[in-house]
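# Provided below for reference: sequence and predicted model.
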Amino acid sequence: MSNKNLFDLSGKVALVTGASRGIGEAIAHLLAAHGAHVITSSRKLEDCEAVCSAIRDAGGSAEAIACHIGDMQQISDIFTTIKEKHGKLDILVNNAAANPYFGHILDTDLGAFQKTVDVNIRGYFFMSAEAGKIMRKAGGGSIINVASVNGVVPGHMQGIYSVTKAAVISMTKAFAKECAGLNIRVNALLPGLTETKFASALTGNPAIMKQALTHIPMNRSASPDEMAGTVLYLASNAASYTTGTCINVDGGYLTV
């Protein structure tokens, strides 16, 4: 493949979870723009359909399948559908996440704890395992986990979320190590502070934002589009020798 085609995803089938908005939506658009057939997924089918419609309007190929990755049966169902319809999966982007609790770690209730763990750890793990089985049979693929800088430096008032994102970083390395011989690459994106509805508890609070920006050398938050390029790299042949790595896209936050 020539250098100019390193980012060409033509003929590839990609599944992006949490694709109805924010970072997932931006990733879905960029992968489709580079030729992938993108399966957008989240709990709300109609929101994913809207993203698919925009992708198709731009000349891309996309379809929507609802899936709540906190539900094991729904994980099984989406991969059954993908196998029956496409017979393969080349790219998985685990982006859907839960962060139901913002408050002191000592006051974390069991319900919030369980929901965060079920989606961010169990969901990512079994999405990766099911995708990996399809990729193993096909001779390879790429799995990209969206973790967080909070997995390295715990976020204030985001204790259990940070713990689960640290687990995603470890999970990325564990899957990468065991799947490398199967030609399955597993990597992670670690977003910094990004303007999304998901992060609105932070970005919507001027006092918190002012404090947060003092720790970011670029002195601003990111747009979701600024996260997508790293995922394109990790999904493409440009990253053919890249596995088990976690790429910080954080405006320099982790260098401080």
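That came in fine, so what should we check first?
# ok, Val146 - contacts?
Gly18, Ile23, Gly24, Val93, Asn94, Asn95, Ala97, Ala188, Leu189, Pro191, Met227, Val231 (Cβ atoms under 8 Å, 6 or more residues apart in numbering). Yep, even glycine has a C-beta here, placed from its N, CA and C like the rest.
# filter these down to the buried ones.
Gly18, Ile23, Gly24, Val93, Asn94, Asn95, Ala97, Ala188, Leu189, Pro191, Met227, Val231 (16 or more other Cβ atoms under 10 Å).
# where does the chain dip in pLDDT?
Across the chain, the ranges flagged by pLDDT under 70 are 1-4, 198-201.
# so which residue is smack in the middle of it?
The structure's the chain has its C-alpha centroid closest to Asn95; by Cα atoms, centre = their mean the separation is 2.5 Å.
# surely that residue touches Gly18?
Yes: contact status for Asn95 versus Gly18: in contact at 4.1 Å, counting by Cβ atoms under 8 Å.
# looking at the buried ones among the contacts of Val146, spot the one nearest Lys85.
When these are compared for distance to Lys85 (Cβ to Cβ), Val93 wins out at 18.3 Å.
# Thr245 versus that closest one, what's the distance?
Distance of Val93 to Thr245, computed by Cβ to Cβ, to the nearest Å: 15 Å.
# Three-state assignment for Gly87, please.
Following DSSP: H, G, I helix; E, B strand; the rest coil, Gly87 is assigned to coil.
# tell me the contacts of it?
Gly87 neighbours (Cβ under 8 Å, 6+ apart): none.
# over to it: give its phi and psi.
Here is the backbone geometry of Gly87 (degrees, to the nearest 10): phi 70, psi 0.
# list residues touching both of Asn95 and Gly18?
What both Asn95 and Gly18 touch, as defined by Cβ under 8 Å, 6+ apart, is the set Gly24, Val146.
# shouldn't Asp47 be in contact with Gly22?
No: between Asp47 and Gly22 there is no contact under Cβ under 8 Å: 11.0 Å.
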